[in-house]
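Participant: Got a sequence here, can you build the structure:
(one chain, ligands or ions: 1)
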Amino acid sequence: MSVLVVNSGSSSVKFQLVEPSSGESLASGLVEQIGEPEGRIVLEFRGEETEKRREIADHGAGLSAAFEMLRDAGVELGSEVTAVGHRVVHGGEVFFRPTLIDDDVLKKIADLSELAPLHNPPNVLGIEVARHQLPDVPHVAVFDTAFFHGLPDAAKTYAIDRDVAQAHGIRRYGFHGTSHEYVSQQVAQFFGRADLNQIVLHLGNGASASAIRAGDPIDTSMGLTPLEGLVMGTRSGDIDPGVVMHLRRSAGMDVDEIDELLNRRSGLKGLAGVNDFRVLGQRIDDGDADAQLAYDVYIHRLRKYIGAYMLALGRLDVIAFTAGVGENSTGVRADALANLEGFGIEIDADRNALRSKDIRAISADSSTVTVLVVPTNEELAIARAAETVAQNID
Ligand code: AMP
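Facilitator: Predicted structure coming up:
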């Protein structure tokens, strides 16, 4: 029995069939270039990759095509799938635990689109299509914001007029919560200890940091939206809000243009023209000054957050790197933590250079803080959460 995990994002739909207890991924796939003349659907099943190219008008058509490919490959969705877990980006103040989806829940998720206009609408479409295709199994929403719901007031409150903030739901929500929670739990298991103080660095195309005390987050870098915080592939991260007013008044840009600039044409892409870290690395090796500056800004911001979270935690036990860049870039890990021996943080170059899919320590024996590389697995976390909700339906 397995759980189908659906991540219906702004530019692609990812899906995975997961066996929650073993953690095995039975099938996985991706639908991309939605709305373009030639869309792409890829399915990996039993070690074989199948690819189809055809026009995919919208997310609904994309998910339908994915279901069709799974069925063509011989997956009996109706009998094999016990639940569907949906990644939903924004849960607002309303949702802070995995939630069984009914019409009312779906409407509330759609209403939260005001807070997450780029993310919640495609999530809602994915849920609608999947419910239509698999009407007889429970569908469960797992929220990216949920883990950070209980952030301390001082960390979650923006210093703006309280009435305005309250009227418009303006607070720091935090995102990537499923990954931060999963990784911090993996760390606790690795040590067999629940009382650890950790900094988790989720460095993928989107990037975020969190400070976690004994399993509970006390701060995180993303805010009302996933735009705040670290420098990302295409997002600016922290920026003086005055920039927005300046662009409006002096450059005559409207709010959608500014939104697009900060979310899609900023970060590494804005500074160096590329958002893929591997390409950025090649450009730096070739002597590209823009690529070098983008990297330096990225590392500078990352170190600022690490320093801030060390102070917020008071005592630091673990720094955990995860996601595409965090798990794979030895250079980012080394540069993020360079020259911190005075703070008890020291990476071992040979351990850092080792490649592995397993959780592993890369700090020197003399380091008082243990530095770990922890592969994240949001799909598995969502599958397990969905299964738990499905098993507890009255
Ligand atoms: P994610 O969003 O977690 O899938 O991460 C995507 C990011 O990870 C992209 O910027 C990739 O360039 C980066 N990435 C993946 N593999 C590597 C690698 N071997 N070295 C450096 N960056 C990598």
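Participant: Name the SS class of the closest residue to the ligand within the stretch 1-150 of the chain, please.
Facilitator: Across the stretch 1-150 of the chain, no residue is closer to the ligand than Lys14, which sits at 10.1 Å (C-beta to the nearest ligand atom). C-beta coordinates here come from the backbone N, C-alpha and C atoms, glycine included. For Lys14, the assignment made with DSSP: H, G, I helix; E, B strand; the rest coil gives strand.
Participant: Work out for me the element the nearest residue to it once chain neighbours are set aside sits within.
Facilitator: Of all residues not flanking Lys14 in the chain, Asn7 sits nearest, at 4.3 Å (C-beta to C-beta, 6 or more residues apart in numbering). Here Asn7 sits within strand 2-8, counting by DSSP states H and E.
Participant: is that strand anywhere near the ligand?
Facilitator: No - Strand 2-8 does not reach the ligand (C-beta under 6 Å from any ligand atom); its nearest approach is 11.5 Å.
Participant: what packs against that strand?
Facilitator: On a contact count with 3 or more C-beta pairs under 8 Å, 6 or more residues apart in numbering; DSSP states H and E, strand 2-8 meets strand 12-19, helix 59-72, strand 81-88, helix 120-133, helix 378-391.
Participant: Those into a markdown table, with extra columns for mean neighbour count and mean pLDDT?
Facilitator: Output for these, formatted as a markdown table (neighbours: other C-beta atoms under 10 Å; pLDDT from 0 to 100):
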| stretch | mean neighbour count | mean pLDDT |
| --- | --- | --- |
| strand 12-19 | 22 | 94 |
| helix 59-72 | 20 | 89 |
| strand 81-88 | 25 | 97 |
| helix 120-133 | 21 | 93 |
| helix 378-391 | 22 | 97 |
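Participant: who wins for proximity to Ser28 among those?
Facilitator: Checking the helices and strands packed on strand 2-8 against Ser28 by C-beta to C-beta gives strand 12-19 as the closest, at 4.2 Å.
Participant: any idea how far Gly204 lies from the ligand?
Facilitator: Distance, Gly204 to the ligand, by C-beta to the nearest ligand atom, to the nearest Å: 3 Å.
Participant: these two touch, right, that residue and Asn328?
Facilitator: No - in this structure, Gly204 is not within contact of Asn328 by C-beta atoms under 8 Å, at 10.1 Å.
Participant: tell me which parts of this protein are close to the ligand?
Facilitator: 204-205, 233, 276-278, 323-325, 328-329.
Participant: repeat that with 5 Å
Facilitator: 204-205, 276-278, 323-325, 328-329 (C-beta under 5 Å from any ligand atom).
Participant: In the protein, which helix is the longest?
Facilitator: For the chain, the helix reaching the highest residue count under DSSP state H is reported as helix 289-313.
Participant: Let me see the residues that make contact with it.
Facilitator: For helix 289-313, contacts defined as C-beta atoms under 8 Å, 6 or more residues apart in numbering pick out 155, 197, 199, 201, 203, 209-211, 213, 218-219, 221, 229-231, 237-238, 268, 271-274, 280, 283-284, 316, 319, 332, 335-337, 343.
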